[in-house]
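1. Structure for the following, please:
(one chain, ligands or ions: 1)
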Amino acid sequence: MKAIVYEHIGDPSVLHLVDRPVPEPDRGEVLVRVAYSGVNPSDWKMRRQFPLPAGWQIPGQDGAGVIEAVGEGVDQDLVGERVWLWEAAWQRPWGTAAEYTVVPVRQAVRLGDASFELGACLGIPFLTAHRCLTAGEYLPDSLRAGALSDHTVLVQGGAGAVGNAAIQLAAWADACVIATVSSAEKAQLAAAAGASVVINYRERDVVEEVRKVAPDGVHTIVEVSPARNAATDVQLLHHGGVVCVYADDGGGEVTLPIGPLVVPNARWQFVLVYTLPKAAKAQAVVDVAAAAAQGGIRVGEEAGLPLHRYPLSATAAAHQAVEDSVVGKVLVSASE
Ligand SMILES: NC(=O)c1ccc[n+]([C@@H]2O[C@H](COP(=O)([O-])OP(=O)(O)OC[C@H]3O[C@@H](n4cnc5c(N)ncnc54)[C@H](OP(=O)(O)O)[C@@H]3O)[C@@H](O)[C@H]2O)c1
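-> Here you go, the predicted structure:
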């Protein structure tokens, strides 16, 4: 099979196209013929920083494809099933940037009739967004249509991959969604994703604009830029509200005023998708799969998430695009 491999950490030039034998699924694993690999910032961050215990690594946490074979202990009927994959390369060398990969069976989730492009976009962004929308004390543990009907959610950075996922999931669960962006182009994307109010944070006062829609504050803030936005977030929390922080502002720090946060029993919740509590991760997988099956999640410009497709041989360019913060979602086609 063709695969992208790196044997040293570094810039995108460490990624090489190689020929390898198709792997055999171990006990409890499935072999998947990959259609698309979804590229996330953590793919390039790991490529630049993480040690390689196996001495080599195929990158790519997310993906989608078809189960071709199963290992011992796995139901043979799964062969032929269309699936989406999550965390394929987390503490294992078999990522999705290859014609085939092997994953534990619980990390291959039925995709039904949804497209492989959609499947490859689900893993990291949507599981992260799900946690952000369910981690507060007064939030439901699971999402479905109607689950957030009494809630207002502020998504800081509504044109980002996780921001888009948070808007789509919150809108599917019937929340009132407000999003911030930095340009008119990004405002269109956030609105297409399902935000009912979009604020350009470069041109408008976010606190003033949010208060027009939510005079008592918002229940959840999905936060991409916690250091820069902390002073804004403090002023916007509803009683019992939560700020869910999933990015680190390039190593930023947050200082919070105690008084204004004690009174409403507010929370700051930190989120890393790889190390979520087990039950929360399992629920996120179930709910995201349901949202995709019901058409509650979409991809492409019309859903606020433009797709950028690269052939497998151009995976280095795909990584570079994500490092350069391209707007939308980068996909690698494993069959090209
Ligand atoms: N903790 C986790 O489990 C987890 C999961 C996924 C991703 N992440 C991390 O989260 C970050 C974002 O990932 P992504 O895939 O969503 O990236 P992305 O698609 O590049 O989106 C980032 C978005 O944040 C916006 N932004 C930046 N500063 C902002 C600010 N002060 N206020 C509002 N919006 C702001 C950017 O737009 P403008 O600059 O134009 O505003 C951009 O739309 C990365 O660092 C990634 O590693 C963490």
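2. did I read that right, residue 186 in a helix?
-> Yes: counting by DSSP: H, G, I helix; E, B strand; the rest coil, residue 186 is found in a helix.
3. Distance check, it against residue 43.
-> As judged by C-beta to C-beta, to the nearest Å, residue 186 and residue 43 stand 23 Å apart. All C-beta atoms are positioned from the backbone trio N, CA, C, and that covers glycine.
4. So for the two, which sits in the more crowded spot?
-> residue 43 (27 against 21; other C-beta atoms under 10 Å).
5. could you dump whichever strand or helix holds that one to PDB, C-alpha only?
-> Here residue 43 sits within helix 41-49, counting by DSSP states H and E. This file holds the C-alpha atoms of helix 41-49, laid out as PDB (Å, rounded to 0.1, in the frame of the first residue of the first chain):
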ATOM      1  CA  PRO A  41      -3.600  21.200  13.800                       C
ATOM      2  CA  SER A  42      -2.600  18.400  16.200                       C
ATOM      3  CA  ASP A  43      -1.300  16.300  13.300                       C
ATOM      4  CA  TRP A  44       1.400  19.000  12.600                       C
ATOM      5  CA  LYS A  45       2.000  19.800  16.200                       C
ATOM      6  CA  MET A  46       2.700  16.100  16.900                       C
ATOM      7  CA  ARG A  47       4.900  15.900  13.800                       C
ATOM      8  CA  ARG A  48       6.900  18.800  15.100                       C
ATOM      9  CA  GLN A  49       7.100  17.700  18.800                       C
END
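6. what's the next helix or strand after that helix packed up against?
-> Scanning forward in sequence from helix 41-49 by DSSP H and E, the next helix or strand is strand 62-70. Counting contacts by 3 or more C-beta pairs under 8 Å, 6 or more residues apart in numbering; DSSP states H and E, strand 62-70 is packed against strand 29-39, strand 82-85, strand 100-104, helix 116-134.
7. Give the buried residues for strand 62-70.
-> 62, 63, 64, 65, 66, 67, 69, 70 (16 or more other C-beta atoms under 10 Å).
8. strands paired with that strand, and their directions?
-> Strand pairing for strand 62-70, using DSSP bridges, gives strand 29-39 (antiparallel), strand 82-85 (antiparallel).
9. what about the longest one, average pLDDT?
-> Put plainly, it is strand 29-39. Averaged across strand 29-39, pLDDT comes to 98.
10. before we move on, what about stretch 177-192?
-> 98.
11. just to revisit the earlier point, so which of the helices and strands packed on strand 62-70 gets nearest the ligand?
-> Nearest of the helices and strands packed on strand 62-70 to the ligand, taken as C-beta to the nearest ligand atom: helix 116-134 at 3.9 Å.
12. Good, wrapping up.
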